[in-house]
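**Q** when you get a sec, could you give me coordinates for this:
(one chain, ligands or ions: 1)
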Amino acid sequence: MGETSTGGGICPVCLAALPPAPAVGRPPRYCSTACRRVAELEIRRINERLADLEARAAHVRMHGKTSCFAKPHGPGAALATINQEIARQRARLREVLDT
Ligand SMILES: [Zn+2]
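**A** Numbers count the residues shown, from 1 in each chain. Got it, this is the predicted structure:
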């Protein structure tokens, strides 16, 4: 997790400007307590989604078939679709965690 905010950063939740860093302590990652809380809840949801997607990808790898939504496109396409979604979720997780 980066601690790179030195002022001029934006809140990853509402995109408002972050308050200036305090003289002592870590620079703020979110603009407010409410946004920090929203981020915590979003991080939890993303983690749950990632666990589900990783389980789906493992299922396709182990059984060579899909269990649901990507069925008509076959296992190869299903795995590619799942991996794309995993990458998207991880990117958002980094955005929320690393301002
Ligand atoms: Zn905010």
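
**Q** how long is stretch 28-35 end to end?
**A** Chord length of stretch 28-35, first to last residue, is 11 Å (C-alpha to C-alpha, to the nearest Å).

**Q** anything in that stretch near the ion?
**A** Yes: using C-beta under 5 Å from the ion, stretch 28-35 comes into contact with the ion via 31, 35. For glycine as for every other residue, the C-beta is placed from the backbone atoms N, C-alpha and C.

**Q** buried stuff in that stretch?
**A** Under the neighbour-count criterion of 16 or more other C-beta atoms under 10 Å, stretch 28-35 has 28-31, 35 buried.

**Q** the ion contacts on this protein?
**A** 11, 13-14, 16, 31, 35.

**Q** let's see which of the residues you listed end up in strands.
**A** Using DSSP state E, no member of these falls within strands.

**Q** would you turn the residues you listed into TSV with pLDDT and distance to residue 51?
**A** Formatted as TSV, the residues of the chain next to the ion follow (pLDDT from 0 to 100; distance: C-beta to C-beta, whole Å):
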residue	pLDDT	distance to residue 51
11	92	26
13	91	22
14	93	27
16	94	31
31	94	29
35	94	25
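
**Q** could you dump the residues you listed to a markdown table with distance to residue 78?
**A** Conversion of the residues of the chain next to the ion to a markdown table gives the following (distance: C-beta to C-beta, whole Å):
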| residue | distance to residue 78 |
| --- | --- |
| 11 | 36 |
| 13 | 32 |
| 14 | 35 |
| 16 | 39 |
| 31 | 39 |
| 35 | 36 |
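
**Q** just the pLDDT for residue 7.
**A** We have a pLDDT of 55 for residue 7.

**Q** mind checking the backbone torsions on residue 9?
**A** Note on residue 9: its backbone torsions stand at phi -80, psi 170 [degrees, to the nearest 10].

**Q** neighbours around the residue nearest to it when sequence neighbours are not counted, how many?
**A** Distances taken as C-beta to C-beta, 6 or more residues apart in numbering put residue 18 closest to residue 9, at 4.5 Å, once the chain neighbours are dropped. For residue 18, the count of nearby residues is 20 (other C-beta atoms under 10 Å).
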